[in-house]
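*Asks:* Predicted model and sequence below, questions to follow.
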Amino acid sequence: MSVEEKKQRFIPYRKTDIIAMCSDDAYLSQDETLNFQDVCSLLSSIFHFKFHQSLETLKDSYAPVNPDSDTKQIYPKTSAEKAQMETVLITELKNLLDAANFEVITKEDLSHAMLEESLFKIRLKVDFDDFEEVLFFRRGESKKEEVLSTFFGLKKKPISFINYDRVVIYVKYKNKEYFDKTHRKELFFTPGSTIIKLFQNIPSSDLEMLFPNTEVKMKTIDKLIIGVPAAIGGIIMLVTKLGATLLLTGTVLSFWLGMRDEPVVLDQTALLGLAASFGALGAFLWKQFSNFKNRKIQFMKTLADNLYFKNLDNNTGVFHRLIDAAEEEECKESILAYYFLLRANKPVSMSELDQVIEDWFQKNHQHNLDFEIEDAVDKLQKLGLIELKDESIMAVPLTQARVRLDSIWDNYFQFNTN
């Protein structure tokens, strides 16, 4: 499998690896390196605290529509309050995904995916009328190539496709009144509930398989594979085995319908022959029906197997993964921007800083990064780790940065003891 890397803002290294990469860069003295690692540790704690608050907000706003909840629901008490909490949920989730460097998958992207041929050679159908709202997000986009087998493995066909490393899907079902009107009784979901799922390594052409109500349909070629042999076998059976039986049956029906005056005598041998022939016909029809069902089950198993290994988390579990991802991304961006400002040891413009970081990743780690310089500088400014001079930026000294971050951490909880 070959991969063509696309420039993206996601930094594909762990936070601890970024700290080690900066520490090993040999631009800081031994004492400065220790102070830098202290600053990184304080940054990690501050962002962890910040995102813990986001996690609590997400859990509270998701509780009324969580299909997996095992606690009794008291709040919200009105439908207006519930709607407000759902608005908060969507806003917080979008902010979290943006912080984790996810991108929105637009309706145009989804429509294009529906038109493309599935990489798994199955036809899928999604009933969008079941949903009140659908949101898709992805992170890590690359062009990949694979070789697929066609004509029962006799022919190899290379194909290229767009692959998403991570995909988040948010789906809100319509309320119970809608499904009551459609007279659908056996529902595998809770009307009015919201599901959130996280997947990995999803081809863009197979996004529809992530919907919870996806149905596997037979493609035309699959119908022909089953239908043509069945038709040929049926004709052969009619000619060789059922010809006499059909002739006798037609004669009897003609007599019963008054189209024939001469009575037909059915002895025991004729009756046994009729029973055996119709039994053979029934067995033949049942075999063809079983072939159809088995092929459909095979396709459903293919879909289930792929989703089993691609599903990473569901519902509130997704929040925890995304919180961890967003916390890591925010830390990595801040650490990188602060380190390269230290390394510059002079005021630099944002564009210069952005270029230095991207060039460093390209040269030292062969990664094509689209660094979010504005976001990183904004975080450092709020934390008091940089000084702005005209249109240039300069890092505050390490000892001063450590004191400022320590002060922020110490003052998170201030209680009036009087």
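*Replies:* Arrived safely. Residues are numbered from 1 along each chain as shown.
*Asks:* Three-state assignment for the nearest residue to residue 130 once chain neighbours are set aside, please.
*Replies:* Leaving aside its sequence neighbours, residue 130 sits nearest to residue 213 (Cβ to Cβ, 6 or more residues apart in numbering; 5.4 Å). The way it works is simple: take the backbone N, C-alpha and C, and place the C-beta from them, glycine included. Remark: residue 213 carries the secondary structure label coil [criterion: DSSP: H, G, I helix; E, B strand; the rest coil].
*Asks:* Give me the phi and psi for residue 213.
*Replies:* Phi and psi for residue 213, reported as degrees, to the nearest 10, are phi -110, psi 20.
*Asks:* ditto for residue 195
*Replies:* phi -120, psi 150.
*Asks:* Would you confirm that residue 374 contacts residue 350?
*Replies:* Yes: Residue 374 is in contact with residue 350 according to Cβ atoms under 8 Å; the separation is 6.9 Å.
*Asks:* Those two: which has the busier surroundings?
*Replies:* In this comparison of residue 374 against residue 350, neighbours counted by other Cβ atoms under 10 Å, the higher total goes to residue 350 at 15 against 10.
*Asks:* how about that one, what does it touch?
*Replies:* When contacts are counted by Cβ atoms under 8 Å, 6 or more residues apart in numbering, residue 350 is found next to 373, 374, 377, 391, 393.
*Asks:* so which of those would you say is closest to residue 197?
*Replies:* Looking at the contacts of residue 350 and their distance to residue 197, the nearest is residue 374, at 31.0 Å (Cβ to Cβ).
*Asks:* measure that closest one to residue 382 for me?
*Replies:* Applying Cβ to Cβ, to the nearest Å, one obtains 13 Å for the distance of residue 374 from residue 382.
*Asks:* repeat for residue 29
*Replies:* Relative to residue 382, residue 29 is positioned 28 Å away (criterion: Cβ to Cβ).
*Asks:* swap in residue 170?
*Replies:* Distance, residue 170 to residue 382, by Cβ to Cβ: 29 Å.
*Asks:* higher neighbour count, those two?
*Replies:* When residue 170 is set against residue 382 and neighbours are counted by other Cβ under 10 Å, the residue ahead is residue 170, at 19 against 11.
*Asks:* In three-state terms, label the more buried one for me.
*Replies:* Each residue gets one of three states, and residue 170 gets strand by three-state DSSP.
*Asks:* tell me which residues form a beta bridge with residue 159?
*Replies:* Beta-bridge pairing of residue 159, defined through DSSP bridges, involves residue 146.
*Asks:* my read: it touches residue 116, true?
*Replies:* No: at 10.7 Å, residue 159 and residue 116 do not qualify as touching, with contact defined as Cβ under 8 Å.
*Asks:* Overlap in contacts, the two.
*Replies:* By the contact definition Cβ under 8 Å, 6+ apart, residue 159 and residue 116 are jointly contacted by no residue.
*Asks:* how about the closest residue to residue 391 other than its chain neighbours, what does it touch?
*Replies:* Leaving aside its chain neighbours, residue 391 sits nearest to residue 349 (6.0 Å; criterion: Cβ to Cβ, 6+ apart). Residues near residue 349 by Cβ under 8 Å, 6+ apart: 391, 392, 393.
*Asks:* now swap in residue 93 and tell me
*Replies:* Residues touching residue 93, when contacts are defined by Cβ under 8 Å, 6+ apart, comprise 58, 170, 196, 322.
*Asks:* Residue 49 should be in a helix, yeah?
*Replies:* Yes: according to three-state DSSP, residue 49 belongs to a helix.
*Asks:* Could I get the pLDDT score of it?
*Replies:* With respect to pLDDT, residue 49 has a value of 94.
*Asks:* what about it, distance to residue 18?
*Replies:* 20 Å.
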